[in-house]
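Asker: One predicted model, sequence on top.
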Amino acid sequence: MTLTGHAYALGAGTIINAIATWKGSAFGVDLKTFADVELTNNSSSITGSIENVPQGDTTLIERSVELVLEHFGIEMGGTVLTRTEVPLASGLKSSSAAANATILATLDAIGETMEPMDAVHIGVRAAKDTGVTITGALDDACASFFGGIVVADNRKNELIKRTEKEMDVIIFAPDRQAFSSQTNVQNSELIAPWIDMAYELALEGEYEKAMTLNGFLYCGALGFSTDIMMEALRIGVKGVSLSGTGPAYSALVDKDLANELVNIWEECGTTGKVINTKINNEGSMKL
């Protein structure tokens, strides 16, 4: 017997990076990671692959399938393939998207459902089990799964609030990668009192102020340039930040500023690509 399932989940941008305080906020973006799962009784192991990344680390997506099967007491093996529109290791929550898409595709394959937060928690556990996250990244996982803007407490493993907002998102993704697991945690902890201020702004719905404060603080702590942020502020953008632990930056912009920011960032002289997308309020889905 062979079972197949298909799903996608969202990338996300940062409002508050949770590494300093374990409290974070993020927003789902309209960049998707797709997962295809095929299960069979003829195998007992899960083998993963990432399209166009032949040497990519597949332990997260393999573990995600295993945990769903364990939850339902199903003993099967098979394969999981992911392909993505999200730049990898750039701070745009590619790991959360991969885990969520894989979990939904596995549920699709076995014809089961579970409460959305239970599915998110499986992805968080898979991320912790495979060492791709420091905090568990519940904030990122919720933004990827539910879309919209979320605020979460990673230490309490609790989603605090979710709101929907219609805004364009401009992303600058340099041609290099930075892995969350290799982040300078000690420097991040030094800025915790000021990140708490940014978190309070997020709780009050002042998301653009929160993310800009977050961006300057983490650029300082992690050694990233603020030039990209300053170029955005110069034309009137209110919300711009280093996304996650970088190296990508993301900005929340009104439609009338979107094209102007794209042009400015494309002319910054730093190698990379500029992506023009939007907040996705719909969230992840089975296909």
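Answerer: Here it is on my side, so go on.
Asker: Only C-alpha atoms from now on, for both contacts and neighbour counts.
Answerer: Fine.
Asker: Could I get the CA-only coordinates of the strand or helix carrying residue 60 as PDB?
Answerer: Secondary-structure assignment from DSSP states H and E places residue 60 in helix 59-71. Taking C-alpha atoms only, helix 59-71 is exported to PDB below (Å, rounded to 0.1, in the frame of the first residue of the first chain):
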ATOM      1  CA  THR A  59      16.900  15.600   9.200                       C
ATOM      2  CA  LEU A  60      14.200  18.100  10.100                       C
ATOM      3  CA  ILE A  61      11.700  17.000   7.400                       C
ATOM      4  CA  GLU A  62      12.500  13.300   8.100                       C
ATOM      5  CA  ARG A  63      11.900  13.800  11.800                       C
ATOM      6  CA  SER A  64       8.700  15.700  11.100                       C
ATOM      7  CA  VAL A  65       7.200  12.700   9.300                       C
ATOM      8  CA  GLU A  66       8.400  10.300  12.000                       C
ATOM      9  CA  LEU A  67       6.700  12.300  14.800                       C
ATOM     10  CA  VAL A  68       3.400  12.500  12.900                       C
ATOM     11  CA  LEU A  69       3.400   8.700  12.300                       C
ATOM     12  CA  GLU A  70       4.400   8.100  16.000                       C
ATOM     13  CA  HIS A  71       1.500  10.300  17.100                       C
END
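Asker: Check which residues of that helix are buried.
Answerer: 59-69 (16 or more other CA atoms under 10 Å).
Asker: so how far is that helix off the chain centroid?
Answerer: Relative to its chain's centre, helix 59-71 lies at 19 Å (CA atoms, centre = their mean, to the nearest Å).
Asker: And the buried residues of helix 59-71, which is closest to residue 248?
Answerer: Nearest to residue 248 among the buried residues of helix 59-71 is residue 60, at 21.7 Å by CA to CA.
Asker: and the strand or helix carrying residue 219, what other elements does it pack with?
Answerer: Element membership for residue 219 (DSSP H and E) is helix 207-222. Helix 207-222 sits against strand 2-16, helix 185-190, helix 192-203, strand 239-242, with contacts defined as 3 or more CA pairs under 8 Å, 6 or more residues apart in numbering; DSSP states H and E.
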